[in-house]
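Q: only geometry, no sequence info:
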């Protein structure tokens, strides 16, 4: 029984050592560059949205501002508070940054290219469980935050750390669940295979609910506005990194932006066809070959980054309980329901050879009907409750002795004149 | 199929008892229906049986394998043995039982616990049928205990009367003494014969040493004495009259008390193998028959008097059963005829009590024949039957027993003959005191005839009492019917049969005449200036005293001694064990420190040792 | 490379885990030690799977993980409850169940 | 850490990278275990355990179990140990254990037992239970890969266990919720209720009105007037009242306050003064 074709990841793991080394360096450099650009872009775009100009002094359009900020941070005094747990305090930002870099190893940048004569894919590495690997590394990354919060020896930091890790753990579940549909369709957990599987249709079209859930949870996962509760400055000052300064703080900063880039890249890979050109352009021959796809890949990431910034400039911060409710009570159940539907669709297609279109019709119509009835019922119920609340002022009279045993009036009821019923009792 | 006859009443009893009060209305009818259908099943089986040739009439149905001891060939089946003997019993039990059910409908109509009563009656019928249908002693024992239980429940049915409660207890205890014998007998069979089924026991008893049938026979006789109220375990029967009269009629006259006779006849092969056991049976029978008659003659309580008579009549049956093949058939025959006429007389007594506000003192009766015509006639038929006037039933059975007894020994024969005279005497006394002579009842008593549901069973039973004897002895039909089971040999009395019959009739007539002449004038209160013998007879011939001195006091002494022994030696031993265990434990429990880590340490130590052991073995 | 090296490693980690249970009083650390022992067992499973050339060992390890997760959830909830009532997470203080 | 291993993993049996990786990760995992044992702080212990677990994950990947390796990280490092950290932070952040043994003989016996266990296990297990390694290449290829192979096993041979485990998990989750649930005798107060309670006690908790508001003189001994013209007693510090140094209010001030509050503006001082 073979549900899926043999996956061959034969292109990976055979690079000469120097190619691997160059790739590693390239990934590192790209990430740092992206971070610098993202910081600059964020400041400029948010400024624009707030009718300001933003940094415009260093370099053309102030484009070197990010670099300058980094240099400034690095040169600042490194304050280590007295109460910290020193080893962990130092370890925490390192974990954060390292894991942030590591994730990118499995992101495909492009197809196979000739690399100084060596044919190799534009991807550091890939293996059958790449996407799970991303999740795993992300979960290790949380350690950085928790430990930073704990080791600081400060209540603000501790609460921020706890909050942020609870948040990331919760949203990681929703995120993982949103992947499942992709796995079901691609039949693989390896990123390159998933990109390959999207040759015809991007999964954003097939699996729109998954995509939406992923996008929401990726914002939560990266602790970005409107979900930036761990560093909600009104309550927690700086959150887990309150006590950090100088280069250590810079590492957290770096990690946050790299994570943004990473989740964007992952979204691109899983839902937007990876490095493939968008539809009308993809008809032009040659756009999906060689070094060209890098353009598409980075444009897509840029779009995501812009969305990140846009959301930050637009939406107010959530309250913590609302945020948790969204994660646990909406995203996860929705994900589960959606996965069930996808699984049934796939199962029917695999076992009955039903084309997807028919399956969707077969399942979708009753599902929509059920959903509609439920919705109408709830709507009516809500209406009825509303009407009830309005009608509660209505006063009804009750006879407390009607059943022979006195009963107190309910709210909104008044007792009838006592004399008649008293008489009734005495007469009877 | 025959299992239905047991199952239906049992089911009905279970239903009535478990459903409780909600069956109050229809319960009695269900009960009667169950009993009737049991009778119909029995009748059908009987008819089927008569259509088969003699050799194929007996059959054993195994319902299931009851007790199987793995690894041995010991096995007890839940099997029902339907042969000529058991089917006779089935018919008697279900027929009389059904009639008494119907009678109870009228007799108990004002009792609020009627439903419970009927449930117990059904329980009794089921248990009794199980007793007579069982194909092995253990299953018989189940039925035996079942009827004991039903008897206990029914005697104590009116537990609110202390006398009834005490009587029930007494019956139960006295029966236990007998049951003790039966259980010992069963154990012996199991040990010696390796089986407890009738067939196997019959087959193996002949080859065993002579002490085996002797011991088992005596033990079975003890059981029979307990159940059938024979000397020396007779005392409970008179007290059992505290129960409702239908119970006295059914259980303590017609059926249950005859179970002892059934047991002896069923174990014929054992008794045949031991002359001493047989002679003991005869002695017991003779003593009981005379004792019962004397007690019956002295009692003023009509039911107690009848009870004495029952004891006496069962004495006849036991005597006959002790005579061996010449007597078994007549024992059963007398059992059946007795079932009819004694039932009719008990029912008559109940009817009389019903009419006189539950009075039982014959000195307060008299002249009831005018107001209770059906009762009088049916009772009189029963009277004629019991004293053995031809052509009524008792004549045929009792006369045969006397013949057989005479052919065995003069002593037994004359005792039986004397008993017949006594029977005539006390029965005449009863009839005269109750139905004839001057009315002596109290002011407020207004005697009246009983309702149809009571008189009808009496009429039917009296017809039986009148005709069954002649019907069964015509052409020796009953002898031939039972012969395959019990064996039969013609008795050879030392005198011509006709002579014996005439002598018997003469003795009976003498008894009747004495009975009439002594009872011309009946005082309302029993005279106190009487002979020592009469006093003894009124006191049940000191049966209770005998029991007390022979059994109770030594028993109590033994119990006291055993208690001291138990407390001191046995309990001491076990308390000592307990003390030792306790003191060891209180030291050992110190190892339970409550520290999880200590427990974990022991686990890890154990694991380490285990791994070490594996290592050592591998190396 | 000989699989026995993996087994030895598994044994060593298992023993250290056992020692942790025996020596550490903090309930949470004791619990971690138990997790360590389970992990050691998993390593043995995975190694055996490779040795025998079938995946059953890996499936077993998978189940161990899931069950361990369930165990941790309940165990930690118990620890939290105990901590709430006695304000201590020491296993030695919860020693009422003794003679 | 991971990605550089992949080449080794793919050809683990052929290339002799395996021993190198094994010796490094194996040592690290033992180091982590020992670290857990000796760390004073529970959080440090947790970190050491996490180190061990990650290294074990690498060993899994090394032994052709990439799925288990990643799952190990996700489940153990990501969920289980994170949960431990959470609980640790709930039950006392800086609780550092005393390592002095309190049960008599426990430590000595424990170390003794541990030594026996270690020595015999090492001797036993190193003594070639398994002489040869079959490798998982064929088993993996049968279903098209390691993940597919495990999936096929889980959903065919072990499907019952799989379902049972899922039942166990959900039960555990519910059980944990029940255990950690705190029954409230009264419903939790909302922020609004708490604020109301605070202020309805009569004890004024807000900032005190500054003296001299709506007053002619901006000094501490001049009481403030409330918009309706009454005097706010709390606007003057207690000691000044006690000394009897507080200024009194004349009608003019009251009128002026009223005028301001009604929007008519300030009555011209000079005119009034004259």
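A: On my side now, so go ahead. Keep in mind it's a predicted model, so treat the numbers as computed, not measured.
Q: how about residue B:439, nearest residue that isn't a chain neighbour?
A: Spatial nearest neighbour of residue B:439, chain neighbours left out: residue B:367 (3.9 Å); criterion: C-beta to C-beta, 6 or more residues apart in numbering or on different chains. For glycine as for every other residue, the C-beta is placed from the backbone atoms N, C-alpha and C.
Q: so who does the one you found touch?
A: B:435-439 (C-beta atoms under 8 Å, 6 or more residues apart in numbering or on different chains).
Q: list the contacts for the residue nearest the centre of chain B?
A: Nearest residue to the geometric centre of chain B (C-alpha atoms, centre = their mean): residue B:257, 2.3 Å. Neighbouring residues of residue B:257 by C-beta under 8 Å, 6+ apart: B:227-229, B:237, B:251, B:310, B:314.
Q: the residues you listed in helices, which ones?
A: B:227-228, B:237, B:310, B:314 (DSSP state H).
Q: just the residues you listed now: which is nearest residue B:363?
A: Relative to residue B:363, the closest of the ones in helices among the contacts of residue B:257 is residue B:310; by C-beta to C-beta it sits at 21.2 Å.
Q: name the residues of chain D found near chain B, please.
A: Listed as neighbours of chain B in chain D under the rule C-beta under 8 Å from any C-beta of the partner chain: D:103, D:106, D:109-110, D:113-114, D:116-117, D:120-121, D:123-124, D:127.
Q: adding secondary structure, pLDDT and neighbour count, write those residues out as TSV.
A: Output for the residues of chain D next to chain B, formatted as TSV (DSSP: H, G, I helix; E, B strand; the rest coil; pLDDT from 0 to 100; neighbours: other C-beta atoms under 10 Å in any protein chain shown):
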residue	secondary structure	pLDDT	neighbour count
D:103	coil	74	17
D:106	helix	80	20
D:109	helix	85	17
D:110	helix	85	24
D:113	helix	87	24
D:114	helix	87	23
D:116	helix	87	19
D:117	helix	87	25
D:120	helix	86	22
D:121	helix	85	24
D:123	helix	84	16
D:124	helix	81	20
D:127	coil	71	13
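Q: element containing residue C:94?
A: For residue C:94, there is no host helix or strand (DSSP states H and E).
Q: next, residue 76: phi, psi?
A: If you meant another chain, say so; for now it's chain A. Main-chain dihedrals, residue A:76, degrees, to the nearest 10: phi -70, psi 160.
Q: leaving out chain neighbours, which residue sits closest to it?
A: residue A:246 is the one closest to residue A:76 (C-beta to C-beta, 6+ apart), at 4.4 Å.
Q: ok, how many other residues are close to the one you found?
A: Under the neighbour criterion other C-beta atoms under 10 Å in any protein chain shown, residue A:246 is assigned a count of 16.
Q: residue contacts, residue B:355?
A: B:368, B:371-372, B:375, B:445, B:447-450.
Q: so how do I select the buried members of those in ChimeraX?
A: Remark: buried members of the contacts of residue B:355, expressed as a ChimeraX selection using 16 or more other C-beta atoms under 10 Å in any protein chain shown:
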select /B:368,372,375,447,449,450
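Q: got a markdown table for the contacts of residue B:355, with distance to chain A, secondary structure and pLDDT too?
A: Shown next, in a markdown table, are those (distance: C-beta to the nearest C-beta, whole Å; DSSP: H, G, I helix; E, B strand; the rest coil; pLDDT from 0 to 100):
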| residue | distance to chain A | secondary structure | pLDDT |
| --- | --- | --- | --- |
| B:368 | 57 | helix | 76 |
| B:371 | 54 | coil | 79 |
| B:372 | 55 | coil | 80 |
| B:375 | 56 | helix | 84 |
| B:445 | 49 | coil | 73 |
| B:447 | 52 | coil | 77 |
| B:448 | 48 | coil | 78 |
| B:449 | 51 | coil | 79 |
| B:450 | 49 | coil | 79 |
